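*Asks:* only geometry, no sequence info:
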Ligand code: GUN
């Protein structure tokens with residue numbers, strides 16, 4: 001038997017329609033137009049693509065969209081100045097500082113300067129703490145996207161064993177908190193974990209966010225499990241480990257999808273799985289932030 005592929009694009013399109021509907025209502029009933037600001041420092045091509053897609057999606061939804069691009073040589077003080085100016089801009093409800101930042105700029109200093117009410121990535125200590133306390137207002141976009149996919153695919157996940165591989169601030173840590181809040185039994189694995197394949201084989205929900213192409217093998221997967229692949233790795237287009245010498249690349253996840261799909265019940269593809277959800281969840285957060293800043297209840301999306 002082969003796994004059912006979780007169609008991230010279809011789930012994302014449905015969420016996007018709900019966000020668009022609520023954004024239209026916010027505008028017509030309250031005159032509030034959600035505003036998203038992106039801040040990019042330097043010229044990393046992958047980051048440029050991500051940021052451009054975020055701005056394009058915001059514009060397509062009728063949001064205000066502003067972009068600040070600083071040179072890779074910008075000082076920490078200059079970046080902090082941009083963040084503080086955006087904190088004070090009433091037309092901006094969400095601020096996203098694209099990571100990673102160049103080495104001369106401390107990530108913590110930038111996150112500490114960000115107004116938590118506008119922190120649509122939910123990376124500030126305030127938002128991380130609210131999530132830990134079960135009082136989250138804004139939740140990191142990729143973990144939120146994964147939880148929506150799980151809910152719409154599996155329904156309740158109460159009592160299921162979930163393994164999260166990767167402990168980043170952007171994904172692994174918030175994902176573990178959300179799974180716990182949904183009553184899963186959560187294990188976190190990382191680069192120092194012993195016998196990862198054995199741990200993985202116990203997981204009803206196996207989530208890989210490692211950043212290594214095809215790291216999770218088919219024989220790590222428990223029969224009937226749900227496999228969520230958060231990885232986005234660029235490899236030579238001949239396949240992982242081959243180099244055509246022509247510079248062409250393709251995107252693959254952290255999971256050997258073909259092998260894992262022979263064992264799993266549900267699996268997300270790369271591309272077209274989790275990644276499709278992330279940007280729409282960012283728009284959802286911007287909408288929620290806009291409503292909160294206008295003193296309105298959280299929209300039902
Ligand atoms: N870099 C890679 N993914 C992300 C993300 O979701 N948010 C930010 N701010 N930077 C990123």
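*Replies:* Good, I have the coordinates. Just so it is clear, the model here is predicted, and its values are computed rather than measured.
*Asks:* Okay, now the unreliable bits of the stretch 201-301 of the chain?
*Replies:* Counting by pLDDT under 70, the stretch 201-301 of the chain shows low-confidence ranges at 239-246.
*Asks:* what ranges do the helices span in it?
*Replies:* Assigned by DSSP state H, counting those that start in this stretch, the helices in the stretch 201-301 of the chain fall at 257-260, 274-293.
*Asks:* May I see the buried residues of the last one?
*Replies:* Spelled out, that is helix 274-293. Neighbour-count burial for helix 274-293 flags 274-293 (criterion: 16 or more other Cβ atoms under 10 Å). Where C-beta positions appear, they are placed from N, C-alpha and C, glycine not excepted.
*Asks:* Find the closest residue to the ligand in the stretch 1-150 of the chain.
*Replies:* The minimum distance from the stretch 1-150 of the chain to the ligand, using Cβ to the nearest ligand atom, falls at residue 99 (3.7 Å).
*Asks:* So for that residue, what's the nearest residue that isn't a sequence neighbour?
*Replies:* Of all residues not flanking residue 99 in the chain, residue 107 sits nearest, at 6.6 Å (Cβ to Cβ, 6 or more residues apart in numbering).
*Asks:* now do residue 150
*Replies:* Leaving out its chain neighbours, the residue that sits closest to residue 150 by Cβ to Cβ, 6+ apart is residue 157, at 5.9 Å.
*Asks:* so the one you found touches residue 183, yeah?
*Replies:* Yes - assessed by Cβ atoms under 8 Å, residue 157 is found in contact with residue 183 at 6.9 Å.
*Asks:* So between those two, which is more surrounded?
*Replies:* Between residue 157 and residue 183, residue 157 has the larger neighbour count (other Cβ atoms under 10 Å), namely 20 against 12.
*Asks:* got the contact list for the more buried one?
*Replies:* Residue 157 makes contacts with 150, 151, 179, 182, 183, 184, 205, as judged by Cβ atoms under 8 Å, 6 or more residues apart in numbering.
*Asks:* Would you quantify the distance from it to residue 147?
*Replies:* Separation of residue 157 from residue 147 (Cβ to Cβ, to the nearest Å): 9 Å.
*Asks:* Now list whatever residues contact both of those two.
*Replies:* Shared contacts of residue 157 and residue 147 (Cβ under 8 Å, 6+ apart): 179, 182.
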